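> Quick one, structure for this:
(chains A and B)
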Amino acid sequence: MVNDRNSFIFRSLSTLLVILVINFFLPRMMPGDPFSTTSADEVGGEIIVMTEEQHLYYVNYYGLDRPLYEQFLSYMKNLMTGNLGRSIYYKMPVSDVIMLHLPWTILIVVSATVVSTISGVVLGTLSAKNRKKGSDRIMMTGMIAFAEIPSFLLGLILLLIFSVYFRLFPLAGAVTPFAHYNGPTDQVLDILYHAFLPVLTLSLSQLTGVYLLTRNTLITVTTKDYIRTARAKGLGEKNVWIRHALRNALLPVVTRTGFMIGIMMGGVVLVENVFSYPGIGMTLRSAVVGRDYPLIQGILLVIAVSILICNLLVDKIYGKLDPRVVI
Amino acid sequence: MIKDTDASGNAGILSFIQALNINKTNIINRVNRIGRVNRIDRVNRIGRVNRIDRVNRIGRVNRIDRVNRIGRVNRIDRVNRINKIVSSVSRPFSRFSTEGKIGIFGILCIILMAVFAPVITTYSPQRITGDSLEPPGFGHILGTDELGMDIWSQICYGARMSLTIGLAVAFISGFGGGAIGILAGYIGGYIDQGLMRVIDVTMALPSFPLLIVISAFLGPSILNVILILVLFSWAKPARIARSQTLSLKKNSYIIAARNYGAKPFYLLWRHILPEILPVLFVLVIGISSHAIVAEAGLAFLGLGDPTSKSWGMMLNHATGFRSIYFTPYWQWWLLPPLFMLIFLLLCLAFISRDMERILDPKLKMKKGF
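Numbering: from 1, shown residues only, chains lettered A, B, ... in the order given. Coordinates of the predicted model:
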């Protein structure tokens, strides 16, 4: 187990290193000067023209006139001090731009994780209890078909149904523009109202995984001896299922949650664009359209690091939940 | 032990052929041939479960016909190979469930649509042939987009794009990654260890954000998209092919064949690859649907090839149109590519699910809970 954990940390670290290297070499691998191409791309009708001064700043910032190893060292030094460079489009530090948008992404990803985990566990338990009945088979077929639709297409469908056809939910944004709130409750309600569809989309796309995992582990767990013992002791069905079966079946679900966040960070980029939700996914798209390279690199780094942190956290939590795992 | 199976195999075939009253010279010819290394391999392999199936089937009429015809060695090989291919295609098909058959039918429809796109459309997808945003009608079956281009033509030609990217990525990364995995598993040692580390890191990378960033830096073109997708999807087939090779390598029939002097390439080609190929096929279908989703996602973000008309590009244009949701235009502009993408992905999913079930009987039992 110790060996396993070492390899896990090694893997995370080497993944981070690979991302840093990709981040470092990509702009340098481009033919010519990456900053000359920024001059005349339009963003929403606005034309960005880089002044000679700015151009010099970027050449200087990336140290393109120095040898490669020196560039890499200074790049690492900048990262360690939290300096991600300046965004060309927003004309402010990249870290500030990311901090402005990251909370929205965290809001929908975290709530989608919570919603899909809870509902997946509940549905999985129901399904495992009623297995060999018709309702389980219907649920399972429906869930599996659902899982094959990628999240952004699902988001488009939900948007068309709920926002365009029934006009129940807003088409875009995270808050109502120019709204005056009567109190904090109003504001929270408005934010929830806008976040509803993105969260629903993300949760639905992740639901099947949790559901199937819960169902299958529960079915395996219920064949174990300690379940028979619990029944033999005369415990009620509810007690047996919740205290003895579900508790043990939840362990793999916890691990799954970590992976889920990783998958969702990829999907959220597209889903945010479907709902025009102002998280880092939207920012990434506008940065790509505007060829805002420092911002693109910064966002990639933030996404990668957050995925790695989630994995590490899950690893720690797992150790706490299952004492058999030696840390 | 190897000699025993060999002898009993020969005896079995001898008595079998004698029972059929076949010309004597033929028999001797064949038995002599069997004495050679490649034949012994085959007999040894018959000892395994899936091989017994094959021996039983020899008893059937079409097989007897084949035995009579065997006069020359290359004949045997050729017939064997053709039979293998035919049975590997037709046998699973009859075992597909209704869903799987629907999936295959749907994929066939889409492939036909893509191949015969110039025949079934009247307009070019790149040319302005009507008014802007015409609703579906006689002139344009599915209406036109904002520039007046026919939507039905765009859908048909877009199928080419999705299928090309899906198939290209799947085959390159599926079989390329599979080959790398087989070689690493067979060679073992430091090469294997190193490759495992590379695979671990590749699988831990956040693929979609990296895809966006790399294609933003490299510029949008079909070739770039294919290359990047291959870069991110070779790891899974490589890992599975490696672990399968490791377990196959220990089988006694492979050790026996090696002791008879079989070269590594021969072993990999004749014994290991055929066993891994079905698993790789299932993976290829999965990878192709991933690639199609990724391409559609990239195009949806505006990172697809701007000169091509793919379904993702259509979604990008339609959602980029300012007041699309406040007008009825979405009904014929946004819905068709959306529907086609989902339909294609569902078909692929049905097929891969069914193939998994057919190839892995254990999984079937699990599902039958």
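> residue contacts, the residue of the stretch 101-250 of chain A found nearest chain B?
Using CB to the nearest CB, the single residue of the stretch 101-250 of chain A nearest to chain B is A:E148, 3.9 Å away. Every C-beta, even on glycine, is put in place using the N, C-alpha and C of the backbone. The neighbours of A:E148, taking CB atoms under 8 Å, 6 or more residues apart in numbering or on different chains as the test, are B:289, B:345-346, B:349.
> Near A:V221, how many residues? Count them for me, please.
19 (other CB atoms under 10 Å in any protein chain shown).
> quick one: the helix or strand hosting B:G103 to chain centroid distance?
Following DSSP states H and E, one finds B:G103 within helix B:98-115. Taking CA atoms, centre = their mean, to the nearest Å, the mean C-alpha location of helix B:98-115 is offset from the chain mean by 15 Å.
> Contacts (any at all) between chain A and it?
No - for helix B:98-115, no contact with chain A is found by CB under 8 Å from any CB of the partner chain; the gap never falls below 8.8 Å.
> Quick one: residues contacting the residue of the stretch 1-150 of chain B found nearest chain A.
Closest to chain A within the stretch 1-150 of chain B is B:E99: 8.8 Å, counting by CB to the nearest CB. Contacts for B:E99 were tallied using CB under 8 Å, 6+ apart; they are B:350, B:353-354.
> of the residues you listed, buried ones?
Neighbour counting by 16 or more other CB atoms under 10 Å in any protein chain shown classes B:350, B:353-354 among the contacts of B:E99 as buried.
> and those residues, which of them are in helices?
In this view, the buried ones among the contacts of B:E99 that belong to helices under DSSP state H are B:350, B:353-354.
> between the residues you listed, which is nearest B:E275?
Within these, the smallest distance to B:E275 is 20.4 Å, found for B:D354 (CB to CB).
> do you know how far the closest one is from chain A?
For B:D354, the distance to chain A equals 12 Å [CB to the nearest CB, to the nearest Å].
> Quick check: closest non-adjacent residue to that residue.
Spatial nearest neighbour of B:D354, chain neighbours left out: B:G100 (3.3 Å); criterion: CB to CB, 6 or more residues apart in numbering or on different chains.
> Look at the one you found and report its pLDDT.
If you check B:G100, the pLDDT there is 82.
> what's the neighbour count on it?
Residues lying near B:G100 (other CB under 10 Å) number 21.
> So which bits of stretch B:140-157 are buried?
Going by 16+ other CB under 10 Å, stretch B:140-157 has these buried residues: B:140-145, B:148-157.
> ok now do the residue nearest to B:F321 when sequence neighbours are not counted, which residues does it touch?
Spatially, and ignoring its direct neighbours in sequence, B:F321 is nearest to B:E146 (5.8 Å; CB to CB, 6+ apart). By CB under 8 Å, 6+ apart, B:E146 lies in contact with B:132-133, B:317, B:321, B:329, B:333.
> Where does B:E146 sit: helix, strand or coil?
Following DSSP: H, G, I helix; E, B strand; the rest coil, the label given to B:E146 is coil.
> gap between it and B:M314?
Remark: distance between B:E146 and B:M314 (CB to CB, to the nearest Å) = 11 Å.
> got a list of contacts for stretch A:188-196?
Against stretch A:188-196 from outside (CB under 8 Å, 6+ apart): A:107-108, A:111, A:169-170, A:173-176, A:179, A:181, A:277.
> filter the residues you listed to the buried ones?
Of the contacts of stretch A:188-196, these count as buried by 16+ other CB under 10 Å: A:107-108, A:111, A:169-170, A:174-175, A:277.
> between those residues, which is closest to A:D186?
A:V175 (10.8 Å).
> secondary structure element for that closest one?
Per DSSP H and E, there is no helix or strand for A:V175.
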